[in-house]
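1. This is a predicted model, with the sequence first.
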Amino acid sequence: MTDSRKFTCMSIGDLLFQIQNERARLHPPFVAMNNVCGRTKADSSSPTAVYPILPTEIIDNICQRLDICDLANLVRANSVLNVVGTKRLYHTIGVEMRPARLLQCMISLDRNADMPLLVRTFEVNLANNLPTRTCYLLLERILKKMVNLTTLVVELPKHHSPTWALPMPPLPTASSKLPSRIFRLHSFTTSMHCKSSLARFLDSQPEITELTLRGIDSDLENSFLTTLLHSIGAFAPDNPLAALLVPQPSQFILLPTSLPKLSHFNAVHAGPTVIRNIISSRPVTHMSIPILPSQTMDTLLALSSSSKPLVKLTVMSFDPAALQFLFPELSVRFMELESLNIVALIAEVTAEMLLQWGVYLAGFKKMKYITFMATLEDDGDGREEIDEKKIAQAWHSSCPTLQTVILPHGKVWFEATTTDDEKSDRKCWKCLDEEDE
């Protein structure tokens with residue numbers, strides 16, 4: 001055993017000894033005379049036998065580090081550990097839980113009046129299953145009971161959107177003296193569709209700071225269908241059915257007072273209309289959004305509607321033409337960015353293009369981290385090999401605050417300090433692979 005480990009064990013032993021002595025001083029044992037054989041013994045009802053040696057806060061910290069199986073065993077040990085361990089056992093429900101096990105847990109929570117009050121994080125991931133209406137009714141009941149919930153994740157099959165299962169504050173009536181209480185979320189993730197019913201639920205959650213929408217954008221779906229059917233000539237302009245395909249007003253509109261604390265917003269399928277409705281005049285500083293064909297400029301305009309400058313932006317580009325003007329547009333509109341991540345899914349790039357885009361990085365005043373991932377152009381003999389170190393250095397020349405760059409090869413390039421033969425320090429760019437060597 002090393003000296004440091006011996007010292008740690010001695011320190012913990014001394015701490016436990018001092019705690020035990022202090023508890024014995026504050027709660028002296030009850031001593032009763034036992035006339036049998038003329039001996040005395042301490043009563044088993046001594047408070048030191050009831051109170052734990054460690055403070056409750058330390059026990060709770062230990063419980064946080066245990067897996068669910070160990071926690072389940074811990075709560076059976078004694079009454080003190082049962083109280084502390086049960087709170088931690090039911091704190092987070094559903095994370096990495098199989099659907100069958102999740103359903104059993106939901107049934108147990110529905111049958112108990114107290115356990116749902118302990119839940120702070122609840123994750124329902126049934127995206128690869130086909131839940132029935134009975135399952136959604138069960139979800140509705142237990143969500144109403146989880147009044148202390150702060151984090152909710154609801155991932156459902158693509159075409160399932162039971163927003164009616166989300167609890168809504170009841171309308172005040174003359175007969176109800178006190179309105180029933182519902183949870184106040186800080187983080188919400190869902191695959192439910194971006195429709196008016198979901199917007200009404202978000203209106204009722206003023207404490208949300210992090211929002212992730214993975215569901216279908218109803219506005220985008222209508223616009224895409226209209227464009228597609230007209231482009232292939234499915235309906236003549238004077239056909240009565242063509243009138244049904246006229247883009248309708250947005251179905252997803254928040255109240256101006258909704259989500260006043262929203263700072264992080266992530267979207268998977270949202271178009272510019274939904275993005276604008278979510279972040280307009282709200283203090284959103286961290287965003288992850290898609291860019292869809294022919295909607296790049298509208299999306300960038302929507303991003304500009306936040307009440308605070310963007311700090312971190314992740315872009316998933318499905319528009320092959322967007323790369324031609326994405327860097328110059330971003331550097332002009334979002335000069336306060338510190339982290340930029342771009343993933344181009346339907347585009348090919350060359351080393352020359354990457355070097356040219358470095359010029360536009362001069363517009364960023366605080367940029368520290370850039371990730372750019374795209375497919376390298378096929379020159380006929382295979383994918384082009386690029387000198388990523390040269391590109392990273394060129395980008396840093398344009399943007400001196402840049403510290404880390406990740407390019408299509410996936411290597412992490414960073415600015416490091418080296419010492420040359422003259423013992424003078426100089427800056428150079430290295431990657432983690434070189435450090436390992």
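-> Received, thanks. Just so you know, these numbers come straight off a predicted model, no measurement behind them.

2. My guess is Ile274 contacts Asp217. True?
-> You called it Ile, but residue 274 is Val. Yes: the pair Val274 / Asp217 is scored as a contact, 5.3 Å apart, by C-beta atoms under 8 Å. All C-beta spots, glycine's among them, are computed from the backbone N, C-alpha and C.

3. so what sits against both of these two?
-> Common contacts of Val274 and Asp217, defined by C-beta atoms under 8 Å, 6 or more residues apart in numbering, comprise 194, 252.

4. For burial, what's the neighbour tally of Phe183?
-> Using other C-beta atoms under 10 Å, Phe183 has 21 other residues around it.

5. Now do the same contact list for it.
-> Here Phe183 is in contact with 143, 146-150, 152, 167 (criterion: C-beta under 8 Å, 6+ apart).

6. same check, this time on Leu303
-> 275, 279, 287, 289, 310, 313, 333-334.

7. now Val284
-> 262-265, 278, 306-308, 310.

8. do the same with Met106
-> The contact partners of Met106, by C-beta under 8 Å, 6+ apart, come to 138-139, 142.

9. quick check, it in a strand?
-> No: counting by DSSP: H, G, I helix; E, B strand; the rest coil, Met106 falls outside a strand, being helix.

10. What separation is there between it and Ser191?
-> According to C-beta to C-beta, to the nearest Å, Met106 and Ser191 sit 18 Å apart.

11. per-residue confidence at His27?
-> Note on His27: pLDDT of 60.

12. Could I get the full set of strands for the stretch 301-437 of the chain?
-> 312-317, 339-349, 369-376, 404-406, 412-419, 425-431 (DSSP state E, counting those that start in this stretch).

13. that older thread, quick one, which of the contacts of Val284 are buried?
-> Buried subset of the contacts of Val284 (neighbour count, 16 or more other C-beta atoms under 10 Å): 262-265, 278, 306, 310.

14. quick one: which of these is nearest Thr371?
-> For these, the closest approach to Thr371 (C-beta to C-beta) belongs to Leu310, at 15.6 Å.

15. Quick one: end-to-end length of stretch 400-407, please.
-> 18 Å (C-alpha to C-alpha, to the nearest Å).

16. Quick one: distance of it to the chain centre.
-> 24 Å (C-alpha atoms, centre = their mean, to the nearest Å).

17. Trp429 and Ala394 touch, don't they?
-> No: assessed by C-beta under 8 Å, Trp429 is found out of contact with Ala394, at 10.1 Å.

18. quick one: Ser317 and Leu402, what's the gap?
-> 21 Å.

19. oh, I was asking about Ala270
-> On the measure of C-beta to C-beta, Ala270 and Leu402 end up 29 Å apart.

20. Flag the shaky bits of the stretch 51-200 of the chain, pLDDT-wise.
-> The model of the stretch 51-200 of the chain has pLDDT under 70 over residues 51-53, 171-180.

21. quick one: the strands in it?
-> Using DSSP E, counting those that start in this stretch, strands in the stretch 51-200 of the chain cover 92-93, 121-125, 151-155, 187-190.

22. other SSEs contacting the first one?
-> Counting contacts by 3 or more C-beta pairs under 8 Å, 6 or more residues apart in numbering; DSSP states H and E, strand 92-93 packs against strand 121-125.

23. Name every strand pairing with the strand it packs on and say which way it goes.
-> strand 92-93 (parallel), strand 151-155 (parallel) (DSSP bridges).

24. now those in TSV, with distance to Gly358?
-> Listed next are these as TSV, based on distance: least, C-beta to C-beta, whole Å:
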stretch	distance to Gly358
strand 92-93	44
strand 151-155	39
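
25. Out of these, the one nearest Asp60 is which?
-> strand 92-93 (13.7 Å).

26. Please report how far Ala321 lies from Arg276.
-> Taking C-beta to C-beta, one finds Ala321 at 22 Å from Arg276.

27. ok, the nearest residue to Pro272 once chain neighbours are set aside to Arg133 distance?
-> In this structure, Pro272 finds its nearest non-sequential neighbour in Asp298, 3.9 Å apart by C-beta to C-beta, 6 or more residues apart in numbering. Separation of Asp298 from Arg133 (C-beta to C-beta): 38 Å.

28. cool, Glu338 as well?
-> Using C-beta to C-beta, we find Glu338 at a distance of 46 Å from Arg133.

29. What of Leu211?
-> From Leu211 to Arg133 the distance is 27 Å (C-beta to C-beta).

30. Fine by me, we can end here.
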